Structure formats: structure tokens, C-alpha cells
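Asker: make a model of this:
(2 chains)
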Amino acid sequence: GENVEQHPSTLSVQEGDSAVIKCTYSDSASNYFPWYKQELGKRPQLIIDIRSNVGEKKDQRIAVTLNKTAKHFSLHITETQPEDSAVYFCATHNGRGSTLGRLYFGRGTQLTVWP
Amino acid sequence: EPEVTQTPSHQVTQMGQEVILRCVPISNHLYFYWYRQILGQKVEFLVSFYNNEISEKSEIFDDQFSVERPDGSNFTLKIRSTKLEDSAMYFCASSIGQPGTQYFGPGTRLLVL
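Answerer: Numbering: from 1, shown residues only, chains lettered A, B, ... in the order given. Have a look, this model is predicted:
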């Protein structure tokens, strides 16, 4: 099955700096790559996603890049703010066969943004 | 904005007891999921459900687990005889299509004593 590795496990940055979180995956059939943000005690919320036919996607201060050849994708947050502090999870989905929607998650990155 | 809801938010039970976790997916969604997250670990897929039947289940989803959509709105996860290792946060999610954005509920924290 799919194996998703996420790094780093913790990341501390100063407000205004950029943050980058990286994930690698093993299944070349994976075709959908969402990123979720989970604040303490709250539900995971989708912040951005990318499909396999696209190399990069941007939404204001957040961007995701995908390298299908190398099987890795990254989350970039620019101009970080204290409210960006949360756990971020990457995930993958493959459209093979009967796997209707199963997401494989990374272990998460605890991002702390210091004012 | 519509949200997935889950009840209860917390559940404490004795080992060997049955628990039912309830979810109300977003009303026009067609695909439903259960995930769990053991404290400090990654979110793990349990089961997906579409068209009133299980689409896929993980190796975690053994005979002690079952899912049901008893009416047009609720989606339930039943654990027949809970074990200590079932203690986790259980998330329900739903999506309108595949692959599609999965919207997660707030979770039910299950503690098995």
C-alpha cells in the first residue's frame, strides 16, 4: 500500500518568515494530494489540494508544488502569522480500482509561528 | 456553510462494551468515511461507504467494526466489543465526488478503560 512520509515533524519560524513542509509518497498511481490544517482540538480542515496533472497551485499565502517523477509534494506558507500555528497533514489518494476516496496521511508537522 | 457533525464529542466506555459513534454528513454528499487518530499518531483510514455499501475497508476495520446508514442523514460506526487499543479520536468525513475534498467532522474522542 501507499506510504506517505512527512518532514519535518516540528517547525518553528518567526512571524513573517516562510515555512516549507515536504511529503514523499510511494504509490505512483496517487493522483490527488490534499493538505489539511488541524488546530488543537479541532477538525482537520482542507487548506489546499493539487491534482496530478498540475505542478503547482497557489492560494494567497499558501502554495503546493508536486513533482510526480520524484514522488514528492510540498506545502509553502509565506509571510507566516501566529494564527498559522497548527498541525499540518499531507495526504494522498490513488484512483486505482475500488479505492474510492481512501486518503493516506502523513504523520503531521507541528508548525509554531512566533510573534 | 454546511459542516459534518458528530456525536458524542467524548465517550468513555469499559473494555468489552459496544459503542456507536454517530455522524451526520453534509446533506448532498455521496461518499462517507471513518478515520481514526490515536494520540500523537497519523490519521488512519478505516472505511469508505458509497451507495449504501462499504467501498473499501482497511486492515484495522475487522469484524468488531461495522458501519450503517440507517436513514437519509446519519452514518454510524459501531464497535462491538471495545479494546483498550480502540482508544482514539474517530473522525467522520464526507465528500461529494471522487477524488474530492473530504470534509471532516469535529471527531469523537473514545476512551476505553
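Asker: my guess is A:Q110 contacts A:Q6, does it?
Answerer: No - A:Q110 is beyond contact range of A:Q6, at 11.0 Å (criterion: C-beta atoms under 8 Å). All C-beta atoms are positioned from the backbone trio N, CA, C, and that covers glycine.
Asker: so which of the two has more stuff around it?
Answerer: Shown here are A:Q110 and A:Q6; by other C-beta atoms under 10 Å in any protein chain shown, A:Q6 has more neighbours (21 against 15).
Asker: the more buried one falls within a strand, correct?
Answerer: Yes - residue state for A:Q6 (DSSP: H, G, I helix; E, B strand; the rest coil) corresponds to a strand.
Asker: for it, what are its contacts?
Answerer: Residues in contact with A:Q6 (C-beta atoms under 8 Å, 6 or more residues apart in numbering or on different chains) are A:21-23, A:89-90, A:106-109.
Asker: ok, and the most crowded of those?
Answerer: The contacts of A:Q6, ranked by neighbours (other C-beta under 10 Å): first place A:C90, 28 neighbours.
Asker: around chain A, pick out the residues from chain B.
Answerer: B:4, B:31, B:33, B:35, B:41-45, B:48, B:50, B:55-56, B:58, B:91, B:95, B:98-107 (C-beta under 8 Å from any C-beta of the partner chain).
Asker: out of those, which end up buried?
Answerer: By neighbour count, with 16 or more other C-beta atoms under 10 Å in any protein chain shown, those hold B:4, B:31, B:33, B:35, B:42-45, B:48, B:50, B:55-56, B:58, B:91, B:95, B:98-100, B:102-107 as buried.
Asker: narrow the residues you listed to those in helices?
Answerer: Among these, no member is found in helices (DSSP state H).
Asker: restricted to strands, list the residues you listed.
Answerer: B:31, B:33, B:35, B:43-45, B:48, B:50, B:55-56, B:91, B:95, B:103-104 (DSSP state E).
Asker: can I get the residues you listed in TSV with pLDDT?
Answerer: Supplementary listing: those in TSV, determined by pLDDT from 0 to 100:
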residue	pLDDT
B:Y31	91
B:Y33	95
B:Y35	97
B:V43	92
B:E44	94
B:F45	94
B:S48	92
B:Y50	90
B:S55	89
B:E56	89
B:F91	96
B:S95	91
B:Y103	93
B:F104	95
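Asker: residue contacts, B:H10?
Answerer: Neighbours of B:H10 in contact, by C-beta under 8 Å, 6+ apart: B:108-109, B:111.
Asker: now A:A91
Answerer: Counting by C-beta under 8 Å, 6+ apart, the residues that A:A91 touches are A:4, A:33-36, A:103-106, B:43.
Asker: filter those down to the ones in strands?
Answerer: Secondary-structure check on the contacts of A:A91 using DSSP E: residues within strands are A:4, A:33-36, A:103-105, B:43.
Asker: ok, these vs A:Q81, which is closest?
Answerer: The closest of the ones in strands among the contacts of A:A91 to A:Q81 turns out to be A:W35 (C-beta to C-beta; 17.0 Å).
Asker: correct me, but that closest one touches A:F89?
Answerer: Yes - counting by C-beta under 8 Å, A:F89 is a contact partner of A:W35 at 7.1 Å.
Asker: can you redo the ones in strands among the buried ones among the residues of chain B next to chain A as JSON lines with distance to B:V12?
Answerer: Shown next, in JSON lines, are these (distance: C-beta to C-beta, whole Å):
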{"residue": "B:Y31", "distance to B:V12": "30"}
{"residue": "B:Y33", "distance to B:V12": "24"}
{"residue": "B:Y35", "distance to B:V12": "21"}
{"residue": "B:V43", "distance to B:V12": "22"}
{"residue": "B:E44", "distance to B:V12": "21"}
{"residue": "B:F45", "distance to B:V12": "25"}
{"residue": "B:S48", "distance to B:V12": "28"}
{"residue": "B:Y50", "distance to B:V12": "32"}
{"residue": "B:S55", "distance to B:V12": "31"}
{"residue": "B:E56", "distance to B:V12": "30"}
{"residue": "B:F91", "distance to B:V12": "18"}
{"residue": "B:S95", "distance to B:V12": "31"}
{"residue": "B:Y103", "distance to B:V12": "27"}
{"residue": "B:F104", "distance to B:V12": "22"}
